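Trainee: Predicted coordinates and the sequence they were generated for:
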Amino acid sequence: MKYSLQQKGFVLALFSSFAAIAMAFASARAFQPEEAASSAAGNIKSSSGQSAPTQEGRALFLQNCAHCHGEDARGDEGPDLHGLKKTNKRIAKTIMEGIKGEMPKFGAKFTDADVRALTAFIRSLD
Amino acid sequence: MNSVLWARMHGGATHFPIALLIVSVLFDHAGFWWQNNPRRRDFVIVGFFSIMIAAVASFGAVLSGLALSHGKLLGTGAMSMHHWFVWPAFSALVGLAVWRLVVGERASRRALASYLVLATATALAMIIAGFWGGEMVLGR
């Protein structure tokens, strides 16, 4: 059977697509820290027994903050948020205004209720 | 190397493939729809080289992104949204570039139309992935 150039191109393109994604997924292992598996089972996965604002805060945290602070809030790019020695006002201010060069500001994205929920969630990590 | 450096490298590396993919799609559309335009061949050449460079550059963007995220393939929240779009877009971009390289200018009009549909969808996926990447970095 003779294949046209376009058919050959299609098969090669398909193969290259899979090879590229396989290469990326395989190389991801080289960048994963050894404790990644254990941190994924962190203590914020379970929301049972938390108050409503804390659960809302947890959802907001996973959506907006977990990629820097880690899914278990034990720190990744950003610091560990457990047992913070800061007032609620200071935590809210940091969320709203960010930290120059380190953390983006969320003042225009979050409502006051969102910030209160996030603060309640961070406090629940104490 | 620390995360701030990787963040800057990813930020720098990722904009080239996004911009070049968009440029490639626009010029390929121009070449496809304006068949009688004297510049048609120039449009096609720009489209070809743009997607070639975009595909090669996308490997740098992917590797710096993996370094920045410590090898996370999905993550949660904004990062998972970023990855849901970026992985298919990266895979499709490489496939499109290889098809273009193999077939060159010998593609039929129907095959070119299919290519353009997929390239446009890939560019849209890449733009959405870029939006979620920005959401992580900029907050607002």
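Mentor: Happy to help now that I have it.

Trainee: Now residue 11: which helix or strand?
Mentor: Since you didn't name a chain, this refers to chain A. Assigned by DSSP states H and E, residue A:11 belongs to helix A:5-31.

Trainee: look at chain B instead
Mentor: Secondary-structure element containing residue B:11, defined by DSSP H and E: helix B:3-33.

Trainee: Could you list the buried residues of that helix?
Mentor: Residues of helix B:3-33 classed as buried under the neighbour-count rule (16 or more other CB atoms under 10 Å in any protein chain shown) are B:3, B:6-7, B:9-11, B:13-14, B:16-18, B:20-28, B:30-32. (Glycine included, C-beta is placed from N, CA and C.)

Trainee: ok so, going back, okay, buried residues for the helix holding residue A:11 please.
Mentor: Counting neighbours by 16+ other CB under 10 Å, the buried set in helix A:5-31 is A:6, A:9-10, A:12-13, A:16-17, A:20-21, A:24, A:28, A:31.

Trainee: Pull the number of nearby residues for the residue in chain A that chain B sits nearest to.
Mentor: For chain A, the nearest residue to chain B under the criterion CB to the nearest CB is residue A:104, separated by 2.8 Å. Neighbour count for residue A:104, taken as other CB atoms under 10 Å in any protein chain shown: 18.

Trainee: How about residue B:36?
Mentor: Each residue near residue B:36 was counted by other CB under 10 Å, and the total is 5.

Trainee: Name the helix or strand for it, please.
Mentor: Since the elements are taken from DSSP H and E, residue B:36 ends up inside neither a helix nor a strand.

Trainee: Now for it: which residues touch it?
Mentor: Contacts were defined as CB atoms under 8 Å, 6 or more residues apart in numbering or on different chains; by that measure residue B:36 touches no other residue.

Trainee: Which pLDDT value goes with it?
Mentor: Listed pLDDT for residue B:36 reads 89.
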